[in-house]
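*Asks:* Okay, here's the prediction I keep looking at, along with the sequence it came from:
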Amino acid sequence: MAHIAVIGTGYVGLVSGACLADFGNFVTCVDRDTEKIELLQRGGIPIYEPGLEAVVKRNVRERRLSFTADFAGAVRGTRAVFIAVGTPPAEDGGADLKHVEGAARSIGRAMESYTVVVDKSTVPIGTARKVRRWIEEELENRGKDLPFDVVSNPEFLREGTAVYDFTHPDRVVIGGESEKARNLMKEVYRSLYLNETPYIETGLESAEMIKYASNAFLAVKISYINEIAGLCEKVGADVQAVAAAMGRDGRIGRKFLHPGPGYGGSCFPKDTLAVAKTGRDRGSPLSLVEAAIQANDRQKKLMVDKIEAGLGTAADKTIALLGLAFKANTGDMREAPAIAICRGLAGGGAKLRVYDPAAMAEASWRLEDIKDSIYFASDEYDAARGAAALVIVTEWNQFRNMDLGRIKGEMDPRFKPWFFDLRNIYGREETEKAGFYYQGVGR
Ligand SMILES: NC(=O)c1ccc[n+]([C@@H]2O[C@H](COP(=O)([O-])OP(=O)(O)OC[C@H]3O[C@@H](n4cnc5c(N)ncnc54)[C@H](O)[C@@H]3O)[C@@H](O)[C@H]2O)c1
């Protein structure tokens, strides 16, 4: 089994490190965030991710997984170093590679023998070759001529189901040019390789492109059904029925046909922007992706318009927002539609009472700019207290089976009780029976 270092202990790095250890590898996770490393060393888990704690604990106990802030110590003596640092959007929409460069250079400064450097972060096409150059420069500075290979191994896990996704991937993609590196990757992923998980070997650029092409496709699919939902509302169709029937077509597929408040998270928004920029830069524009980005921005505004239109005006009304994370089962609020919706409603003069099962801590600083308009509630019933409208923004299971009578009883009786279900997790009939005025998306 291989000795591996993983640089970056965020959603991807920590899950990858823990699961690669579970596959039998010996993994050292390293991060420049010393607080995070100290927390991990004490047995804490810095993110909300179902099932992750058990995998981390098991592998720490069995001495296959450890955490350190010491780069050189982590990299020295390992055969593969995974780069799993963040690639946030730069001002021009492209991916900011400063963390990837930092990680690559630290590998060049620390490595002492043949190493396979694995790009797991989502990076623009051509980055693997840049990583090679950065490492070469550091080796030259040290007067060393050490052999190494760079491999692109994009990650497809989803937050909320990250452990399952990592251990049951639809495919493992390995881009690279060296047989030796490919063989090592087979060893690293041995459990999956033996399990007949589709194992796709490509060149570097193709592997980098696969990740962007996949995410952009999914973003287009979401924006597509969101626009169809808008049209359904205008023509009197029910998008739930439309999507269900469309999804039965094997060529279309049922997944990602759920209308909602727009996609968010740390991947789709930045990856669509980055690949669209690559398209423009290379003279091969991705007009569908550009349109999906615009449709997504519009979708978030449409949600605010929908709520304001129902209420007549949001000014001086109290609105309960249930769910702040960009999707269920995560505490991550990066680019969450809830942010735009909260700002839009607060901008219209509304007072917000918000609740999320896992994202409250993150919400308190992300929504700092409108903090005077927000009350952070202790649960969904507390959020509803004195509200004129209830808005479901994130599809947490906890919100799927609320006591509708009780929650309505908490609301301000002076107003018509609106129920805006931006995830279509309730039906008109059951909410109207409980005395609400219901509006979903596309129905
Ligand atoms: N989050 C997802 O669902 C997901 C899925 C697939 C791919 N990705 C991609 O994986 C990459 C990482 O995403 P994430 O969500 O895990 O990010 P994250 O922000 O949760 O974690 C990144 C970590 O890297 C650390 N870091 C940054 N620079 C460093 C350096 N020079 N040395 C050591 N550590 C450093 C940060 O401290 C942080 O802990 C991104 O490129 C992202 O696009 C993310």
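*Replies:* That came in fine, so what should we check first? As the structure is a computational prediction, the values presented were derived from the model and not from experiment. Residues are numbered from 1 along each chain as shown.
*Asks:* Quickly find the element holding the nearest residue to residue 422 once chain neighbours are set aside.
*Replies:* Distances taken as Cβ to Cβ, 6 or more residues apart in numbering place residue 261 nearest to residue 422, at 4.4 Å, with adjacent residues excluded. For every residue, glycine as well, the C-beta is placed using N, CA and C. Per DSSP states H and E: residue 261 is located in neither a helix nor a strand.
*Asks:* Repeat that for residue 6.
*Replies:* For residue 6, the host element (DSSP H and E) is strand 3-7.
*Asks:* With residue 352 instead?
*Replies:* strand 351-355.
*Asks:* Can you tell me the strand partners of that strand and which way each runs?
*Replies:* The partner list of strand 351-355 in its sheet, established with DSSP bridges, is strand 318-322 (parallel), strand 374-376 (parallel).
*Asks:* most tightly surrounded among those?
*Replies:* Ranked by mean neighbour count, the strands paired with strand 351-355 are led by strand 318-322 with a mean of 27 (mean count of other Cβ atoms under 10 Å).
*Asks:* contact partners of that one?
*Replies:* Residues from elsewhere that reach strand 318-322 (Cβ atoms under 8 Å, 6 or more residues apart in numbering): 307, 311, 338, 341-342, 345, 350-356, 377, 380, 383-394, 396, 399, 411-412.
*Asks:* Please flag which of the residues you listed sit within strands.
*Replies:* Applying DSSP state E to these, the entries found in strands are 351, 352, 353, 354, 355, 389, 390, 391, 392.
*Asks:* Let me see the contact set for the residue of the chain found nearest the ligand.
*Replies:* The chain approaches the ligand most closely through residue 10 (1.7 Å), counting by Cβ to the nearest ligand atom. Shown in contact with residue 10 (Cβ under 8 Å, 6+ apart): 47, 84, 85, 86.
*Asks:* and the two most separated of those?
*Replies:* 47 and 85 (14.9 Å; Cβ to Cβ).
*Asks:* neighbour count winner among these two?
*Replies:* residue 85 (26 against 17; other Cβ atoms under 10 Å).
*Asks:* Surely the more buried one touches residue 100?
*Replies:* Yes - with contact defined as Cβ atoms under 8 Å, residue 85 reaches residue 100; the gap is 6.0 Å.
*Asks:* Could you name every residue contacting both of these two?
*Replies:* Joint contacts of residue 85 and residue 100 (Cβ under 8 Å, 6+ apart) are residue 121.
*Asks:* what about residue 201, is that helix, strand or coil?
*Replies:* Three-state call for residue 201 (DSSP: H, G, I helix; E, B strand; the rest coil): strand.
*Asks:* Can you check the pLDDT for it?
*Replies:* Per-residue pLDDT puts residue 201 at 97.
*Asks:* Format the strands paired with strand 351-355 as JSON lines; extra columns: distance to residue 211 and mean pLDDT.
*Replies:* Output for these, formatted as JSON lines (distance: least, Cβ to Cβ, whole Å; pLDDT from 0 to 100):
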{"stretch": "strand 318-322", "distance to residue 211": "32", "mean pLDDT": "98"}
{"stretch": "strand 374-376", "distance to residue 211": "36", "mean pLDDT": "98"}
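*Asks:* Report the residue ranges of every domain in this structure.
*Replies:* 3-202, 240-439 (automatic domain parsing).
*Asks:* wait, which of those is closest to residue 226?
*Replies:* Per Cβ to Cβ, nearest to residue 226 of these: domain 240-439, 4.9 Å.
*Asks:* quick one: terminal-to-terminal distance for the closest one?
*Replies:* With Cα to Cα, to the nearest Å applied, domain 240-439 spans 13 Å between its terminal residues.
*Asks:* ok, is that domain in contact with the ligand or not?
*Replies:* Yes - using Cβ under 6 Å from any ligand atom, domain 240-439 comes into contact with the ligand via 266, 267.
*Asks:* Distance from the chain centre to that domain, please.
*Replies:* 16 Å (Cα atoms, centre = their mean, to the nearest Å).
*Asks:* Could you shift the numbering so residue one becomes 15, and keep it that way?
*Replies:* That works, and once the first residue is 15, the last one we named lands at domain 254-453.
*Asks:* what residue of the protein is the furthest out?
*Replies:* No residue in the chain has its C-alpha farther from the mean C-alpha position than residue 157, which lies at 40.5 Å (Cα atoms, centre = their mean).
*Asks:* Strands of the stretch 115-264 of the chain, residue ranges please.
*Replies:* 129-133, 162-166, 186-189, 213-216 (DSSP state E, counting those that start in this stretch).
*Asks:* Tabulate those (CSV), appending mean neighbour count and distance to the ligand.
*Replies:* Formatted as CSV, these follow (neighbours: other Cβ atoms under 10 Å; distance: least, Cβ to the nearest ligand atom, whole Å):
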stretch, mean neighbour count, distance to the ligand
strand 129-133, 27, 9
strand 162-166, 24, 12
strand 186-189, 22, 12
strand 213-216, 15, 16
